[in-house]
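Participant: fold the following.
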Amino acid sequence: MSRLVMKFGGTSVANIERIRNVARHVKREVDAGHEVAVVVSAMSGKTNELVAWCTEASPMHDAREYDAVVASGEQVTSGLLAIVLQGMGIQARSWQGWQIPIKTSDAHASARIEDINGSEIITRFKERKEVAVIAGFQGINPETGRITTLGRGGSDTSAVAIAAAVKADRCDIYTDVDGVYTTDPRIVPKARRLDKIAFEDMLELASQGAKVLQVRSVELGMVHNMPIFVRSSFDKPEDIDPHANQPPGTLICSEEEIMESHVVTGIAFSKDEAQISVRQIEDKPGVAASIFGPLADANINVDMIVQNVSEDGKTTDLTFTVPAADYARAKDTITAAKDKIGYARLDSATDVAKISVIGSGMRSHAGVAAQAFSALAGRNINIRAITTSEIKFSVLIDTAYTELAVRTLHTLYGLDQA
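Facilitator: Model (predicted):
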């Protein structure tokens, strides 16, 4: 017998019929003798609707009231699933974040989980064989007693945190795809589903553009060594053997559990990038701080940074990327600090994409990045900027070449092969 946390996203609970399908997945695991907690998102599109209502009510609304409104989507779903499970003869009850409680920071709309008390849920597993149906995405700030939400995609984070709190054997994330692929199959039809992937590789994939899992959920999985299993909610519940070692999907686990590690695990890409170049700055100590300090104060995340020093050594150019959503604010922030920075010109571009090559195997293999640079040059793809880390390197290119670059690199590293 295992203890499982099953998480279902918005498309999996989009209507009552799909909620019934989710209930059949839960029943399969309960009938197999497992103790089960279920974490649910709001119905597909519901959170967007609630957010729009807040904005319509007042563009400058109170973040505490925003959380009170948007948290209601998950409350509805958890109640409906509990009702359907009870109709199937399964002991079940719904839980809101504050009832467990899931204690969080007071950063409304982007709170972080600080503590979860899973003792009551564990007691009900043992004494009542009760399924806990938990509203994801939400918690409570214990100091104010107010509902908080964890930011978009926060239900993934809720699920992994709850799995750790109730000492689950595994956290299953049911979604509208059947696992993690070497890259986006819509771009590369030969992309392969990975049976297993290390936490570190998945963390890089998620942070560099792959939208399968929220980054914080992978971080939590790695910290607590909680295996996360990504699988499809649209597989027929009755076709899956709950006793199988691994049904269709991708297991995210520690690197030690993966027998054979490939040099490159996957290719991620993001078109939501903008490039800013600050030209002819005096080359002296403190210049970088005068640029990136105001950006940090404005909560603008800077990613790739490239610095070029002029031949005479007196001036320098600084080029960096920011999320496209922060592009206008970043430009305004740098312009406002022009007198302090002392630059001659500000250049920028939004037609850029970031391509990232990820793999734990890079630690022990030389020349992996050099192969990519050569292959991209062979396709006449110009590289605007480069960043590297121990298990990843990223290149910034023109958006028009995104798909060609991804396909080229996917083939280069043998990811097309079954």
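Participant: if I look at Ser105, how far off is Pro142?
Facilitator: Taking CB to CB, to the nearest Å as the measure, Ser105 and Pro142 are separated by 10 Å. Glycine gets a C-beta too; all of them are placed from N, C-alpha and C.
Participant: do Asp201 as well
Facilitator: The separation that Asp201 has from Pro142, given CB to CB, amounts to 35 Å.
Participant: low-confidence ranges in this protein?
Facilitator: Along the chain, segments meeting pLDDT under 70 span 245, 260-261, 310-312, 418.
Participant: quick one: the helices in it, in order.
Facilitator: 16-31, 46-57, 63-70, 72-87, 119-128, 154-165, 199-207, 215-224, 287-297, 327-336, 338-341, 368-378, 402-412 (DSSP state H).
Participant: what's the most buried one of those?
Facilitator: When neighbours are counted by mean count of other CB atoms under 10 Å, the highest per-stretch mean among these falls to helix 154-165, a mean of 28.
Participant: alpha carbons of that one, as PDB, please.
Facilitator: Output for helix 154-165, consisting of C-alpha atoms alone and laid out as PDB, is shown next (Å, rounded to 0.1, in the frame of the first residue of the first chain):
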ATOM      1  CA  GLY A 154       0.600  27.400  -7.600                       C
ATOM      2  CA  SER A 155      -1.500  24.200  -7.500                       C
ATOM      3  CA  ASP A 156       1.600  22.200  -8.600                       C
ATOM      4  CA  THR A 157       3.500  23.800  -5.600                       C
ATOM      5  CA  SER A 158       0.600  23.000  -3.300                       C
ATOM      6  CA  ALA A 159       0.600  19.400  -4.400                       C
ATOM      7  CA  VAL A 160       4.300  18.700  -3.800                       C
ATOM      8  CA  ALA A 161       4.300  20.600  -0.500                       C
ATOM      9  CA  ILE A 162       1.300  18.600   0.700                       C
ATOM     10  CA  ALA A 163       3.000  15.300  -0.500                       C
ATOM     11  CA  ALA A 164       6.000  16.200   1.700                       C
ATOM     12  CA  ALA A 165       3.800  17.100   4.700                       C
END
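Participant: what is that helix packed up against?
Facilitator: Other helices and strands packing on helix 154-165, by 3 or more CB pairs under 8 Å, 6 or more residues apart in numbering; DSSP states H and E, are strand 3-8, strand 35-40, strand 102-104, strand 113-116, strand 138-141, strand 170-175, helix 215-224.
Participant: now for those, which one comes closest to Lys126?
Facilitator: Ranking the helices and strands packed on helix 154-165 by distance to Lys126, with CB to CB as the measure, places strand 35-40 first at 8.0 Å.
Participant: which residues touch that closest one?
Facilitator: Among residues not part of strand 35-40, those counted as contacts by CB atoms under 8 Å, 6 or more residues apart in numbering are 1-8, 13, 22, 26, 29-30, 74, 77-78, 81, 121, 125-126, 129, 131-136, 155, 158-159, 162-163, 166, 168.
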